[in-house]
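Chemist: Sequence and predicted structure below; questions after.
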Number of protein chains: 4
Amino acid sequence: MYSLKNDYSEGAHPQILEALVKTNLEQDAGYGEDKYCQEAIELIKEKLQNDNVDIHFIPGGTQTNLISIAAFLKSHEACIAAKTGHIFANETGAIEATGHKVIAVDTEDGKLRKENVLSVLKSYTNEHVVKPKLVYISNSTEIGTIYNKKELQELREVCMENKLLLYMDGARLGSALACEENDLKLCDFAELTDAFYIGGTKNGALIGEVLVICNDFLKEDFRYHLKQRGALLAKGRLLGIQFTELFRENLFFEIGKYENDMANILRDGINELGYKFLVNSPSNQIFPIMPNTVIEKLQEKYSFIVWSSEDEENSSIRLVTSWATNKKVVMGFVETLKNITGK
Amino acid sequence: MYSLKNDYSEGAHPQILEALVKTNLEQDAGYGEDKYCQEAIELIKEKLQNDNVDIHFIPGGTQTNLISIAAFLKSHEACIAAKTGHIFANETGAIEATGHKVIAVDTEDGKLRKENVLSVLKSYTNEHVVKPKLVYISNSTEIGTIYNKKELQELREVCMENKLLLYMDGARLGSALACEENDLKLCDFAELTDAFYIGGTKNGALIGEVLVICNDFLKEDFRYHLKQRGALLAKGRLLGIQFTELFRENLFFEIGKYENDMANILRDGINELGYKFLVNSPSNQIFPIMPNTVIEKLQEKYSFIVWSSEDEENSSIRLVTSWATNKKVVMGFVETLKNITGK
Amino acid sequence: MYSLKNDYSEGAHPQILEALVKTNLEQDAGYGEDKYCQEAIELIKEKLQNDNVDIHFIPGGTQTNLISIAAFLKSHEACIAAKTGHIFANETGAIEATGHKVIAVDTEDGKLRKENVLSVLKSYTNEHVVKPKLVYISNSTEIGTIYNKKELQELREVCMENKLLLYMDGARLGSALACEENDLKLCDFAELTDAFYIGGTKNGALIGEVLVICNDFLKEDFRYHLKQRGALLAKGRLLGIQFTELFRENLFFEIGKYENDMANILRDGINELGYKFLVNSPSNQIFPIMPNTVIEKLQEKYSFIVWSSEDEENSSIRLVTSWATNKKVVMGFVETLKNITGK
Amino acid sequence: MYSLKNDYSEGAHPQILEALVKTNLEQDAGYGEDKYCQEAIELIKEKLQNDNVDIHFIPGGTQTNLISIAAFLKSHEACIAAKTGHIFANETGAIEATGHKVIAVDTEDGKLRKENVLSVLKSYTNEHVVKPKLVYISNSTEIGTIYNKKELQELREVCMENKLLLYMDGARLGSALACEENDLKLCDFAELTDAFYIGGTKNGALIGEVLVICNDFLKEDFRYHLKQRGALLAKGRLLGIQFTELFRENLFFEIGKYENDMANILRDGINELGYKFLVNSPSNQIFPIMPNTVIEKLQEKYSFIVWSSEDEENSSIRLVTSWATNKKVVMGFVETLKNITGK
């Protein structure tokens, strides 16, 4: 049984593990003040072509979201997010647990647009309701879609015009950047958001995310927030060493590319067999729709999530690829599906 | 320059790293539902000789404390802790940030005793003040002292008589258990506390702590709390694999023993040279008092924390040993000190 | 300009003011431990025909909701409410500010039904999302509708079957109980909810609400929560004296009846002139739909809220009556409307 | 039995009640947007000789403290307060419940001084502990002492030099201002603090406190905080009408004077009989020390709080006067004590 359930079924990219082994006995400072964290920060600033950002390493994505948003907002301020947004749909009320409402908006493809933001602002106008202050987006989104530059710029504008912060969850940013249709570069996010994070866990790391704070007003005292919420690891080097590997050369980007290559094999193969997709997702998550009978046969050899029921006889499934996805397996998946489909 | 600053200056015990490398390509479930977490849970239950506990793996100590205490307490309930207690002195108000007051008590040796608890209860008796509900202790304490069985039993009794919960922070439990004067066994804590945690980070792991919930009333829905506070790692296997190694045989205990052995060399050597100690700490943290001139000379070769100023000419320093502490180095430290002292 | 904007435009019922004046110089205990609070509690228990409830007086409605819900829920537990529910729509994220998500459900008439609750439960089933635990309803609702006994019983059943708490916001319970079509008695709520509150502010009091806790498990230490959230007034007598007046005889119920009588005059008159209503609301809030031209003319003599735009030419307005609404004025309103309408 | 327990045993000053009665039927806007709130704001600004402040009316003192402090601080920031300070000693962890630590300092007379603040700052210097940000003082203090101008100026300076906010709880400011030895004027507090509140409840009002925000950076969106914490009363006029009466002429100050006059009769009489005091408190709370046998005899006719045990045979008691304290009674108290003392 091979799993295409998610992009965190395996450990870390071998190069990262190697680095951990190689540096293991070196003595260094705790709590992220070690030389590897420092090196990783420098490397990432280079990739961002931007020296005017603050960078912090945080063990997980939910933690990154909740610490950042809680640090950035005052108690009466709220987030705007798509209904599929991770902070609304998958984080056990983590944001609300820090005291902030998440105003959720229906979207077709998991992407927030200018109109969505303006529509929320129109109905939140006085002190009897919360004050929308932060726009949360994810790229790629939870359903695999990605933002293009024009969309992001428009969001940025509507945010600036309305004194809103723009925050991007980049748990799967590596894959988003590697999409063929993507026209955004890593450095664009430092220009177009107030803060964003670059996901490590789902892009080859064992653990860890990179928070990039671009807006000067949000930078002060951030390490206090990390410590208070339990995100300042004693052996912070664990994060520094990994991100040094991911960003010394281009490993981070290569992994995103590889994930997409594997997804493309699946997508193209499934497409050729005539199946539709729930959503046009160019990244490492794809959502083909198939007869339940076909799905059951696939499940004999592959594990994956059945995402949604389309009608009585058909469902969508979610297939996710990772740095470790075996090329032969995904080719085999297509072959198997071909046989099941009888084409 | 060799660091005796703390027990998290190096990476993980090699056996742990090896296990991470060996299992790296295995596919497994996310969020702590993998087979290694399950195996580690079984192993730890065996060591505890207790099947009636719930076990969770959490990345860090502050996170473990704040999630547990916030989950266990209602909003008007408070903790009692020693003034040196980590939750009062070193966690950036993490407990208060979840809404709970920490009532701090002066102690001589970092240990809370029955009398301290009773004294707090006497002055917190109505709804104009918080309701003390949880007694927080650490073992070993933040200044290296350890509880004996009688002290722990007395605390347990006063807690039961007053409907208080007893929670133990075992960030350095490995070293505490390995002290010569220790008369507590790992399984005792499952009997005598409502919940406690076994520290991994400071006992050979790369990252990770083991929360053991003993009181049935505190077990329900605990994974919700983990997720909500950002402690449920996608690659939860990272914790499971490490603790499987630490508890499959006796690695956890051996590391505690080694740390103490290294500390003993330092303690005995320093003692023989006639120096006093701030506190009689039998574990892997020792606090000798020395003339500032001696300290300065030591600092040419070793790095450590100058803990407290005793008078104008003398200070205490903190020396900490770890799984990776080099025996030759600690012997060299004593030798160097001998030379400086001129004996 | 006469206001039909809301039911809190005037002060208190004269009988209440008189009682405040009469008792003014009596010395009594602070923080709700005075004899008037005690007397009011006894009187309300009599009206409820129920001695097994805990009763607390709280200055305002938002405060009552937030203190109760925060006291009743653990941090990972959430509320279910109608989208029009006060806690979701009008309290500035007060519930979220205490850490709890409010799961909002679309409804046609502001009333939650069994099906709504079951539908939420179906999609909240694991620790990656919050755990629904409390069903919030208001009676009358924010758009003037009321629950009948069958609906409330069904909600109660679905709550009991799924270990949910049922909480009712009775800010306008006086008016709800006095509706002709109402088949619920005050005592029913003590049987059918876990906690509910009886609104004073919108039913003749100067300030104050009565929280009734029916579920034994929710009673403990409640005064701590009151104090911690700032609801324990030093001169708590202010609340006790008022509710003694409202419940010594039947003033509370008479006020509800009077409010409805005044609303009925408006409703019947508007109805006879052929206008439709946004919703069939039998209580003291009505929402007729009128041409914008008519509304503008009415606004020359009366102030009220324009509630929603129905189409380009028509809107709904909200008319609210109170204990102080002048009968001649509401009759005059109908007359004026008749003239404007030209019938 | 006459109570000298506190200054909230009776209702409101008759002039205030009269105003409530007189205005009762007037229609006005809700939520503090009525003309009386507006008028009271103007009157208070005049008394403060300061137009550049924001003024809000809040039902109670604990509520005022918790809303202000929570609004002013970020999550990692903490308060500094005397151990006797109301927020530390008497508010059920209300501040901690909003997420902020209160750093408590031992003082002899309930007053924080420059040195206390500097000493705290010295030990809170990095992200492993909270960041002290707000200095909380009360005037008069919880034990009846008052600040003089020099002390307040020094606190102000140390705050400005260290970017700390200075917040004053003026629950008993009326009495403080009326002390003979007082050299501060109401307008001084607007110059020397970032925010402070003027107590109504303990100075003749039925309910209500006046928050004055002086620092421009703390003003924005404050009504959101009021609403979110349940402090925006629907019938906000209740507060506006009262404070209009208290500040239209000098009623507020006259009440403070009267309270002190009554306390002076007690203080002088007790002093003449040779009794010592726990603390030299010039305001409306005094703490004489007496033999327990004398106290018991006094308790036959008067109720008051036995404050602290001085030794086996002597205790201090707390006597508090209010706007309603009967002059004959306090003179009678002295007479009674004279007889008991046998002088």
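Modeler: Noted; the coordinates are in hand. Residues are numbered from 1 along each chain as shown, chains lettered A, B, ... in the order given.
Chemist: what about residue A:92, which SS state?
Modeler: For residue A:92, the assignment made with DSSP: H, G, I helix; E, B strand; the rest coil gives coil.
Chemist: Relative to the whole chain's centre, how far out is stretch A:133-151?
Modeler: Stretch A:133-151 sits 9 Å away from the centroid of its parent chain (CA atoms, centre = their mean, to the nearest Å).
Chemist: repeat for stretch A:94-101
Modeler: On CA atoms, centre = their mean, the centre of stretch A:94-101 falls 20 Å from the chain's centre.
Chemist: I'd like to know the average pLDDT value across that stretch.
Modeler: Across stretch A:94-101, pLDDT averages out at 98.
Chemist: what comes up buried for that stretch?
Modeler: For stretch A:94-101, the neighbour count (16 or more other CB atoms under 10 Å in any protein chain shown) marks A:94, A:95, A:96, A:97, A:98, A:99, A:100, A:101 as buried. The way it works is simple: take the backbone N, C-alpha and C, and place the C-beta from them, glycine included.
Chemist: just checking: which of the residues you listed also lie near chain D?
Modeler: Filtering these for proximity to chain D (criterion: CB under 8 Å from any CB of the partner chain) leaves A:98, A:99.
Chemist: how many other residues sit next to the residue lying closest to residue A:181 once chain neighbours are set aside?
Modeler: Nearest non-adjacent residue to residue A:181, counting by CB to CB, 6 or more residues apart in numbering or on different chains: residue A:282, 5.3 Å away. Neighbours of residue A:282 under the rule other CB atoms under 10 Å in any protein chain shown: 21.
Chemist: what about residue A:282, is that helix, strand or coil?
Modeler: Assignment for residue A:282 (three-state DSSP): coil.
Chemist: And for residue A:56?
Modeler: State at residue A:56, reduced to three classes by three-state DSSP: strand.
Chemist: Tell me the spacing between the closest residue to it other than its chain neighbours and residue A:198.
Modeler: Nearest non-adjacent residue to residue A:56, counting by CB to CB, 6+ apart: residue A:211, 4.6 Å away. Applying CB to CB, to the nearest Å, the value for residue A:211 to residue A:198 is 8 Å.
Chemist: Repeat that for residue A:250.
Modeler: Here residue A:250 is placed at a distance of 14 Å from residue A:198 (CB to CB).
Chemist: Strands of chain A, start to end?
Modeler: A:2-3, A:54-58, A:77-82, A:102-105, A:131-138, A:165-170, A:195-199, A:209-213, A:285-286, A:289-291, A:302-303, A:305-309, A:314-320 (DSSP state E).
Chemist: Number of residues surrounding the residue nearest to residue A:205 when sequence neighbours are not counted?
Modeler: Computed as CB to CB, 6+ apart, the closest residue to residue A:205 that is not its neighbour in sequence is residue A:242, at 4.7 Å. Look at residue A:242: counted by other CB under 10 Å, it has 28 neighbours.
Chemist: ok, now how distant is residue A:242 from residue A:251?
Modeler: Distance from residue A:242 to residue A:251, by CB to CB: 10 Å.
Chemist: Same question for residue A:212.
Modeler: Distance, residue A:212 to residue A:251, by CB to CB: 18 Å.
Chemist: now residue A:53
Modeler: 21 Å.
Chemist: quick one: residue A:238 and residue A:335, what's the gap?
Modeler: On the measure of CB to CB, residue A:238 and residue A:335 end up 40 Å apart.
Chemist: Please disregard the earlier target; I meant residue A:174.
Modeler: Taking CB to CB, one finds residue A:174 at 28 Å from residue A:335.
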